[in-house]
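Trainee: sequence unknown, structure follows:
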């Protein structure tokens, strides 16, 4: 059973993980990483709401309603959060608290690999990993992909060094 100190520590850790994306979203190609992070963490948001509030107590918005004035992106994000919280319905607050703590730990471990995958998806020089590749071309595509990923990581390391020299990183 998780105590409140563990839960508060997990919430603070999540805020710190999210801050990296939130602070850098104005930089080129960084807003997309914030969006991917948000998409990855909707379930954590639902667990947090379940742990703090309990079962979902707000109605789902009807986007066909002409009176609804919200921006479409806000509605999509809100809809995803509503569904994430609704999936937690029936969990006790203690179960949700423990699941949230474990989810934040898991996210912290997976985040470096997720960021690399997201950046690879953004880079047009790296072939799309979801596309169809004929068997006879797979070896060549894998070689090209490996070289492109290595080149991107090298560019990112140089960019990071420049940003650190300018004081843009406080980690």
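Mentor: Thanks, I have the structure now. Bear in mind the structure is a predicted one, so any value in this text is a computation, not a measurement. Numbering: from 1, shown residues only.
Trainee: CA atoms for contacts and neighbours, from now on please.
Mentor: Noted.
Trainee: OK, contacts around residue 51?
Mentor: Contact partners of residue 51, counting by C-alpha atoms under 8 Å, 6 or more residues apart in numbering, are 92-97.
Trainee: ditto for residue 31
Mentor: Neighbouring residues of residue 31 by C-alpha under 8 Å, 6+ apart: 21, 24-25.
Trainee: hang on, the earlier thing: buried ones among the contacts of residue 51?
Mentor: 93-97 (16 or more other C-alpha atoms under 10 Å).
Trainee: show me where this protein has its helices.
Mentor: Along the chain, counting by DSSP state H, helices occupy 4-24, 31-40, 42-52, 72-87, 93-122, 138-165.
Trainee: distance to residue 108 and neighbour count added to the contacts of residue 31, as a markdown table?
Mentor: Shown next, in a markdown table, are those (distance: C-alpha to C-alpha, whole Å; neighbours: other C-alpha atoms under 10 Å):
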| residue | distance to residue 108 | neighbour count |
| --- | --- | --- |
| 21 | 14 | 19 |
| 24 | 18 | 16 |
| 25 | 19 | 16 |
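Trainee: which one of the residues you listed is nearest residue 124?
Mentor: residue 25 (19.7 Å; C-alpha to C-alpha).
Trainee: would JSON lines of the contacts of residue 51 with distance to residue 41 and pLDDT be doable?
Mentor: Listed next are the contacts of residue 51 as JSON lines, based on distance: C-alpha to C-alpha, whole Å; pLDDT from 0 to 100:
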{"residue": "92", "distance to residue 41": "20", "pLDDT": "93"}
{"residue": "93", "distance to residue 41": "19", "pLDDT": "93"}
{"residue": "94", "distance to residue 41": "20", "pLDDT": "94"}
{"residue": "95", "distance to residue 41": "18", "pLDDT": "95"}
{"residue": "96", "distance to residue 41": "15", "pLDDT": "95"}
{"residue": "97", "distance to residue 41": "15", "pLDDT": "95"}
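Trainee: next, count neighbours for residue 82.
Mentor: Residues lying near residue 82 (other C-alpha atoms under 10 Å) number 21.
Trainee: who are the contact partners of it?
Mentor: Residues in contact with residue 82, defined by C-alpha under 8 Å, 6+ apart, are 46, 60.
Trainee: could you rerun that using 10 Å?
Mentor: If you count contacts by C-alpha atoms under 10 Å, 6 or more residues apart in numbering, residue 82 has them with 42-43, 45-46, 49, 56, 58-61, 76.
Trainee: if I look at the residue nearest the centre of the chain, how far off is residue 45?
Mentor: The centre of the chain sits closest to residue 37, judged by C-alpha atoms, centre = their mean, with a distance of 1.6 Å. In this view, residue 37 and residue 45 are 12 Å apart by C-alpha to C-alpha, to the nearest Å.
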